[in-house]
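>>> Predicted coordinates and the sequence they were generated for:
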Amino acid sequence: MSNIHIENLNVWFGEHEERVDAVKGATFDVPSGASFGLVGESGSGKSTILRAMVGLVPTWSGNMSVGELELGKKRPKAFYKDVQMVFQDPYASLHPRHSVDQMLGETLSLHGFKDIDNRIMQLLDDVGLGPAFRFRYPHQLSGGQRQRVAIARALAPKPTVILLDEPTSALDVSVQAEVLNLLADLREEHKLTYLMVSHNLAVVAHMCDATAVMKNGEIVEVMTVEDMRAMKPKHPYTKHLLDSSFGYRPDAEQSA
Amino acid sequence: MSPLLDVENLRVTFPTRQGEFEAVRGVSFTLGKERLGIVGESGSGKSLTGRAILRLIRKPGRVEADKMELNGRDLLSMNKKQMQGVRGQEISMVMQDPKFSLNPVMTIANQIMEIYRFHTGASKKSAYAKGIEMLEAVSIRDPERVMKSYPHEMSGGMGQRIMIAMMLVTEPKILIADEPTSALDVSVQTQVMSIIDRLVRDRGMGLIFISHDLNLVSSFCDRVLIMYAGRVVEVLDAGKLHDAKHPYTRGLLGSLPRIDDPKTRLEVLQRDAKWREAPSVSGRI
Ligand SMILES: Nc1ncnc2c1ncn2[C@@H]1O[C@H](COP(=O)(O)OP(=O)(O)O)[C@@H](O)[C@H]1O
Ligand SMILES: Nc1ncnc2c1ncn2[C@@H]1O[C@H](COP(=O)(O)OP(=O)(O)O)[C@@H](O)[C@H]1O
Ligand SMILES: [Mg+2]
Ligand SMILES: [Mg+2]
């Protein structure tokens, strides 16, 4: 089990006049075993936080830690076992010419697992795909099935933390329901900590105990799910997001 | 009153290696001066239905119908030239991503003016004035600057508003909007929706609003067709979406997480083979 601690995180791209400050002074905490959301519109810096955590963006300042580990310039090998990521577009994140078996097998051997055969069968079972899917290729899978494979791959190294970047945004609502149910079950079963990016407040309200609302690289407020359900936002931007999630209201326009 | 559009038993078919694939299977509806929503999951045939009305289905795909009339005129028997007159002039279509619908190497001014002049034969000067007027109508603050720009210089929300301006410059009677806001952030989505709302209301147009978003459609439209596997499984007054009877519609609603109605597990849709085979429900009135 691992908690996540992010304090005064700044992330930028480029230098001098070219510099883009993608994340500015972000601070939040995710208790071990909890599920925490990051919402906000596109370009607000949500993915950048996840990418900085896993070491994909070197230009950052502030403090980040996962469990006991204080994150620095380099991540120790154990980090890449402990922290896994799932992306929005399962098609882009799965190698088109690798079968499910190859994909899971490679991840497992990379992390030094023995008994790979049994682990692959177990993983497929964990994500609700039968053995029949083992030798399929990505193009032979539906969007929801592909996302299940991506989740199986994330589970393979037995992580304690999973970073989810819009994991259901590309899926139909009925398939989204299946994947969200699966993610909820897996969190409970494997005692996982989730940090989940979404632009959909209802999804985050369903999945997370608390959520940070981002705008222009800044966290404008951290809200518990109770406050969200009670429609008690502190920031006008959050109010606007909440209002919009109930469909179209002709008078909602002014608050934009 | 006779409807603007009358569609009966519309079918869209594609030949494939496995035989004929009927993607739209007998859809019927009328459209008056109203907002008609079409909802359903991806692949259910929503976009093809919209495109078939404008006969935008490429060969070897086929469009067939017992009836497809615009103000009593048969759309299926029109020749190419007549159809071009209908497109953009009488029926316009706005699609999900403006990037694919706007010409990247032409300024916004040239694109709007070209459309307007093609349909009205107006002078350059009056076409420019009309363009400015339309950009203002879609709440673009500095229309002169926007007229001079190229599509890539515009944000997604701006691009979509420009598309709408362009599609409405000829004052069509019918607008087909295919997921017009699905690629936009919620804040911009609300703005674009309210622009469509106002234009449809002020100009007395008929709107076909295609979306996968049940909440959006039921809050925006008057009537909704729910599509499944190329057929309409249910027709509802939009305000009554939550009284839906068909298990597919009910399943879709149940699978949505709701802020105001927490549940520990989301409902999982159990598809029934019978839904596919049941005849399409008519949306003609
Ligand atoms: N590799 C990069 N180079 C330059 N700018 C970037 C890069 N990645 C992201 N950005 C910028 O950082 C900001 C935040 O992006 P992102 O975190 O992807 O937003 P979100 O996930 O909330 O949509 C945006 O302005 C984006 O253009
Ligand atoms: N040119 C084509 N050839 C064959 N099948 C097609 C073609 N265009 C669309 N389809 C199929 O028709 C079905 C309906 O497509 P569409 O109307 O785009 O669905 P949606 O409801 O998502 O808008 C889908 O199964 C799609 O794969
Ligand atoms: Mg992102
Ligand atoms: Mg479509």
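That came through fine. Residues are numbered from 1 along each chain as shown, chains lettered A, B, ... in the order given. Ligands and ions are numbered 1, 2, ... in the order given.
>>> Name the nearest residue to residue A:190, ignoring sequence neighbours.
Leaving aside its chain neighbours, residue A:190 sits nearest to residue A:155 (7.1 Å; criterion: Cβ to Cβ, 6 or more residues apart in numbering or on different chains). Yep, even glycine has a C-beta here, placed from its N, CA and C like the rest.
>>> Could I get the contacting residues of the residue in the stretch 101-250 of chain A that ligand 2 sits nearest to?
Residue nearest to ligand 2 within the stretch 101-250 of chain A: residue A:172 (9.1 Å; Cβ to the nearest ligand atom). By Cβ atoms under 8 Å, 6 or more residues apart in numbering or on different chains, the residues touching residue A:172 are A:143, A:144, B:41, B:42, B:212.
>>> again, only using 10 Å
Contact partners of residue A:172, counting by Cβ atoms under 10 Å, 6 or more residues apart in numbering or on different chains, are A:142-144, A:178, B:40-44, B:212, B:252, B:255, B:269.
>>> Find me the pLDDT at it, would you?
Model confidence at residue A:172, given as pLDDT, is 92.
>>> Which secondary structure state does residue A:51 sit in?
helix (DSSP: H, G, I helix; E, B strand; the rest coil).
>>> Quick check: it vs residue B:150, distance?
Residue A:51 sits 31 Å away from residue B:150, taking Cβ to Cβ, to the nearest Å as the criterion.
>>> Please identify which of the two sits among more neighbours.
More crowded of residue A:51 and residue B:150, by other Cβ atoms under 10 Å in any protein chain shown: residue A:51, with 18 against 15.
>>> wait, doesn't that one sit right on residue A:57?
Yes. Assessed by Cβ atoms under 10 Å, residue A:51 is found in contact with residue A:57 at 5.0 Å.
>>> any residues in contact with both of these two?
With Cβ under 10 Å, 6+ apart, residue A:51 and residue A:57 have common neighbours A:11, A:22, A:23.
>>> in chain B, which spans are strands?
B:5-16, B:19-31, B:35-39, B:62-64, B:67-70, B:73-74, B:91-94, B:174-178, B:206-211, B:223-228, B:231-237 (DSSP state E).
>>> And the stretch 1-150 of chain A, by the same measure?
Assigned by DSSP state E, counting those that start in this stretch, the strands in the stretch 1-150 of chain A fall at A:4-13, A:20-30, A:35-40, A:60-66, A:69-70, A:83-86.
>>> Indicate which one of those strands is closest to chain B.
Ranking the strands of the stretch 1-150 of chain A by their distance to chain B (criterion: Cβ to the nearest Cβ) puts strand A:35-40 first, at 8.9 Å.
>>> How many residues are close by residue A:93?
Residue A:93 has 17 neighbouring residues, counting by other Cβ under 10 Å.
>>> And for residue A:160?
Neighbours of residue A:160 (other Cβ under 10 Å): 19.
>>> what do you get for residue B:187?
Neighbours of residue B:187 (other Cβ under 10 Å): 18.
>>> Distance check, it against residue B:140.
To residue B:140, residue B:187 is 16 Å away according to Cβ to Cβ.
>>> which residues of the chain score low on pLDDT?
Here I'm looking at chain A. For chain A, residues meeting the criterion pLDDT under 70 lie at A:90-91, A:251-256.
>>> you looked at the wrong chain, it should be chain B
Flagging of chain B using pLDDT under 70 yields the residue ranges B:1, B:98-100.
>>> any idea which residue sits dead centre in it?
Centroid-nearest residue in chain B, with Cα atoms, centre = their mean: residue B:177, separated by 2.6 Å.
>>> ok, now which ones touch that residue?
Applying Cβ under 10 Å, 6+ apart, the residues contacting residue B:177 are B:35, B:50, B:92-96, B:160, B:163-164, B:167, B:192-193, B:196, B:200, B:207-211.
>>> near chain A too, which of those residues?
The residues of the contacts of residue B:177 that also fall near chain A, by Cβ under 10 Å from any Cβ of the partner chain, are B:193, B:196.
>>> where do the helices sit along the stretch 151-285 of chain B?
B:156-168, B:186-203, B:214-220, B:247-255, B:273-277 (DSSP state H, counting those that start in this stretch).
>>> meant to ask about the stretch 151-256 of chain A, not that
Going by DSSP H, counting those that start in this stretch, the stretch 151-256 of chain A shows helices at A:173-190, A:201-207, A:225-229, A:236-244.
>>> Could you do the stretch 1-150 of chain A as well?
Going by DSSP H, counting those that start in this stretch, the stretch 1-150 of chain A shows helices at A:46-53, A:79-82, A:90-93, A:100-110, A:116-126, A:143-155.
>>> Just give the number of residues close to the residue nearest to residue A:190.
23.
>>> Surely it is in contact with residue A:111?
No. With contacts counted by Cβ under 10 Å, residue A:155 stays clear of residue A:111, the gap being 11.4 Å.
>>> Could you check how far the closest residue to residue B:132 other than its chain neighbours is from residue B:196?
Spatial nearest neighbour of residue B:132, chain neighbours left out: residue B:143 (4.7 Å); criterion: Cβ to Cβ, 6+ apart. As defined by Cβ to Cβ, residue B:143 lies at a distance of 18 Å from residue B:196.
>>> Residue A:102 too?
Distance from residue A:102 to residue B:196, by Cβ to Cβ: 47 Å.
>>> Also residue A:154?
40 Å.
>>> Quick check: beta-bridge partners of the residue nearest the centre of chain A?
In chain A, the residue lying closest to the centroid (Cα atoms, centre = their mean) is residue A:164, at 1.3 Å. Judged by DSSP bridges, the bridge partners of residue A:164 are residue A:86, residue A:196.
>>> Hmm, it is touching residue A:83, no?
No. Using Cβ under 10 Å, residue A:164 is not in contact with residue A:83; the gap is 11.7 Å.
>>> Find residues that contact each of these two.
Common contacts of residue A:164 and residue A:83 (Cβ under 10 Å, 6+ apart): A:50, A:154, A:195.
>>> For the first one, give me its contacts.
The contact partners of residue A:50, by Cβ under 10 Å, 6+ apart, come to A:38, A:56, A:57, A:83, A:85, A:87, A:163, A:164, A:165, A:195, A:196, A:197.
>>> Same check on the second one?
The neighbourhood of residue A:154, defined by Cβ under 10 Å, 6+ apart, consists of A:83-87, A:107, A:123, A:127, A:162-164, A:167, A:186, A:192.
>>> I'd like the distance between it and residue A:182.
Distance of residue A:154 to residue A:182, given as Cβ to Cβ: 12 Å.
>>> got any residues that touch both of the two?
Residues within reach of residue A:154 and of residue A:182 at once, by Cβ under 10 Å, 6+ apart, are residue A:127.
>>> Closest approach to ligand 2 from the stretch 51-200 of chain B, which residue is it?
Residue of the stretch 51-200 of chain B nearest ligand 2, by Cβ to the nearest ligand atom: residue B:61 (5.4 Å).
>>> Apart from its neighbours in sequence, what residue is nearest that residue?
residue B:14 (4.9 Å).
>>> Tell me how many other residues crowd the one you found.
Residue B:14 is flanked by 15 other residues according to other Cβ under 10 Å.
>>> Quick check, it in contact with residue B:230.
No. The pair residue B:14 / residue B:230 is not scored as a contact, 11.3 Å apart, by Cβ under 10 Å.
>>> Give me the common contacts of the two.
The contact sets of residue B:14 and residue B:230 overlap at B:21, B:22, B:23, B:48 (Cβ under 10 Å, 6+ apart).
>>> Tabulate these in JSON lines, adding columns for distance to ligand 2 and neighbour count.
JSON lines is the format used below for the shared contacts of residue B:14 and residue B:230 (distance: Cβ to the nearest ligand atom, whole Å; neighbours: other Cβ atoms under 10 Å in any protein chain shown):
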{"residue": "B:21", "distance to ligand 2": "6", "neighbour count": "13"}
{"residue": "B:22", "distance to ligand 2": "9", "neighbour count": "17"}
{"residue": "B:23", "distance to ligand 2": "3", "neighbour count": "19"}
{"residue": "B:48", "distance to ligand 2": "3", "neighbour count": "22"}
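>>> All good on my end, thank you.
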